[in-house]
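Asker: Okay, sequence plus prediction incoming.
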Amino acid sequence: MDLLDRYLHAVKFFLPQKHQDDIVRELSENLISQMEDRQDELGRPLTEEEAADILRRHGHPIIVATRYRSRQQLIGPVFFPIYLFSLKLGLGASLLITAILAAINGVLQGDLVHYGVREMLAFPGRALMMFAWTTLGFAALDMAQARLKLKHDWDPRKLPKVIDHEYRISRPRAIGELLFTVASLVWLLLLPRMPFLLLGPAAAFLEPAPVWPLAYVPLLLLTLATTALHAANVARPYWTKSRSLVRVGLQAAAVLIFALLLRADEWFIPASPATVWNGVHVERLAGIINVSFQIGFLVVAIISAIEALRELHRLNVRRQASHTADSAV
Amino acid sequence: MSHGNDSSDSGVFDNLRLELRRGCLSVAVLAALRTEQYGYTLRKLLAEHGLAVDEGTLYPLLRRLETQGLLVSEWREEGKRNKRFYRLSDQGALTLDQLLAEWRSIDVSLNQILTELHHGPARSVSARS
């Protein structure tokens, strides 16, 4: 019976503590009865191999014990597909954020390879945390669902609408845009204290012109609103009329802000006009930088105007399509 | 004509068979326990009636049915050893009647479907609509 005792001991280890003794006692009786029956059939005591065969067929101790547990999975089939999707999304986003942070840190510290790689090495830890919290969150959700059950009085009319292909926004693209605007927001917030993020080494002898304090807050608000729009696109990746209108509004605001910036003649002025840097007079350098910014602002204003017009055109096309569909019904 | 590889076909069959038997097993256990049994003899009884079931499935099922109030159990001595005997509770008897009615209704429906498919042109969905 040494083999049986060892088997029962192994099963007991994995059983729910509250019922361990009771279950083991019952299993023991059933197995002894089975062995006695076999002995009666053979007319002799069982060999060790025969006893082992009965136990083998009874099942591996871990499998036998888990069947006595009421909860046999951490996340059930209802939530598993959403869990898997969230995990992929979270890991992808965490990789992207790490890459952006690595790039920013590398640029700020002036050594892209060293600081960039150091930041990237933080990814496994970050990914592990993401995995752990997502799993814990879904396990808790699954446990709550198992207790409450999904409500029977749910309303099918509250299900999300089926979105036509042309109205859909690609989720990876929406995530990419969101991360880009978040990075832009961080960059914009750092700019007053770290002008070299915009001007590079020239920040040491150039100062922002008086137009910047006027344009900075509108630019910040515009970036904030664009981030909110992209966040909405990630959560619900399809175009709605209101979101199209917001987009038109944001593009129009961008045109106005860049037009305001363009009204100024200069955007950067030399801190001390007599300075010479790398053999170039700083006043001349400021002139070159101002022309570059003028061209840049003009291009951004034109692109924003074109985007606003394109969005208006799309809105119009959708409105007409919707009218046609209504009249067809 | 082959519809795929044999081993995967048999895997699909095994899974479906398992699903089919899982539901039936609870009914069979409740029915068998109208007479008191302990785990091992119950398993033998089921096997003798063509419903072989492994211990790893049967013994936890007995506990679950007891927790649900469909079975009652007691430890009693038999053959100089203590054994846990199970039998149907009053609630279990009531549930068994309901399950058997359900079983018969499914059987009738399935037979009707099979008869219709074999003997008469079944009305197609498009013909109906």
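Answerer: Good, I have the coordinates.

Asker: Any regions of chain B where pLDDT drops low?
Answerer: B:1-8, B:119-129 (pLDDT under 70).

Asker: could you pull out the strands for it?
Answerer: For chain B, the strands defined by DSSP state E cover B:37-38, B:71-78, B:81-88.

Asker: Go through the ones you listed and pick out the most buried.
Answerer: strand B:37-38 (a mean of 20; mean count of other CB atoms under 10 Å in any protein chain shown). (C-beta placed from N, C-alpha, C; glycine too.)

Asker: Quick one: list the elements packing against that one.
Answerer: Helices and strands touching strand B:37-38, by 3 or more CB pairs under 8 Å, 6 or more residues apart in numbering or on different chains; DSSP states H and E, are helix A:20-42, strand B:81-88.

Asker: got a list of contacts for that strand?
Answerer: A:Glu29, A:Asn30, A:Ser33, B:Leu45, B:Glu78, B:Lys83, B:Arg84, B:Phe85, B:Tyr86, B:Arg87 (CB atoms under 8 Å, 6 or more residues apart in numbering or on different chains).

Asker: my guess is A:Leu185 meets A:Leu221, correct?
Answerer: No: look at A:Leu185 against A:Leu221 with CB atoms under 8 Å: they stay out of range, at 10.6 Å.

Asker: okay, those two: which has more neighbours?
Answerer: Using other CB atoms under 10 Å in any protein chain shown, the more surrounded residue of A:Leu185 and A:Leu221 is A:Leu185, with 15 against 12.

Asker: helix or strand for the closest residue to the more buried one other than its chain neighbours, which one?
Answerer: Nearest residue to A:Leu185 in three dimensions, chain neighbours excluded: A:Thr223, at 5.0 Å (CB to CB, 6 or more residues apart in numbering or on different chains). Using DSSP states H and E, A:Thr223 falls within helix A:211-235.

Asker: Off-centre distance for that helix?
Answerer: Chain-centre distance of helix A:211-235: 21 Å, with CA atoms, centre = their mean, to the nearest Å.

Asker: same question for that helix, mean pLDDT?
Answerer: Averaging pLDDT along helix A:211-235 gives 90.

Asker: again with stretch A:113-130
Answerer: Stretch A:113-130 comes out at a mean pLDDT of 85.

Asker: Equivalent analysis for stretch A:292-309, please.
Answerer: 92.

Asker: Extract the C-alpha trace of it and format it as PDB.
Answerer: Provided in PDB are the C-alpha atoms of stretch A:292-309 (Å, rounded to 0.1, in the frame of the first residue of the first chain):
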ATOM      1  CA  SER A 292      13.500  78.400 -42.300                       C
ATOM      2  CA  PHE A 293      10.700  78.800 -39.700                       C
ATOM      3  CA  GLN A 294       8.700  81.100 -42.000                       C
ATOM      4  CA  ILE A 295       8.800  78.400 -44.700                       C
ATOM      5  CA  GLY A 296       7.900  75.800 -42.100                       C
ATOM      6  CA  PHE A 297       4.900  77.700 -40.700                       C
ATOM      7  CA  LEU A 298       3.700  78.400 -44.200                       C
ATOM      8  CA  VAL A 299       3.800  74.800 -45.100                       C
ATOM      9  CA  VAL A 300       2.000  73.700 -41.900                       C
ATOM     10  CA  ALA A 301      -0.700  76.400 -42.400                       C
ATOM     11  CA  ILE A 302      -1.300  75.300 -46.100                       C
ATOM     12  CA  ILE A 303      -1.400  71.600 -45.100                       C
ATOM     13  CA  SER A 304      -3.800  72.400 -42.300                       C
ATOM     14  CA  ALA A 305      -6.100  74.400 -44.700                       C
ATOM     15  CA  ILE A 306      -6.000  71.500 -47.200                       C
ATOM     16  CA  GLU A 307      -6.900  69.000 -44.400                       C
ATOM     17  CA  ALA A 308      -9.700  71.100 -43.200                       C
ATOM     18  CA  LEU A 309     -11.100  71.400 -46.800                       C
END
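
Asker: domain parsing for chain A?
Answerer: A:2-66, A:74-149, A:172-183+A:195-329 (automatic domain parsing).

Asker: Dump the helices and strands packed on strand B:37-38 to JSON lines, plus distance to A:Val117.
Answerer: Supplementary listing: these in JSON lines, determined by distance: least, CB to CB, whole Å:
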{"stretch": "helix A:20-42", "distance to A:Val117": "51"}
{"stretch": "strand B:81-88", "distance to A:Val117": "64"}
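
Asker: Those: which one's closest to A:Leu101?
Answerer: Nearest of the helices and strands packed on strand B:37-38 to A:Leu101, taken as CB to CB: helix A:20-42 at 49.6 Å.
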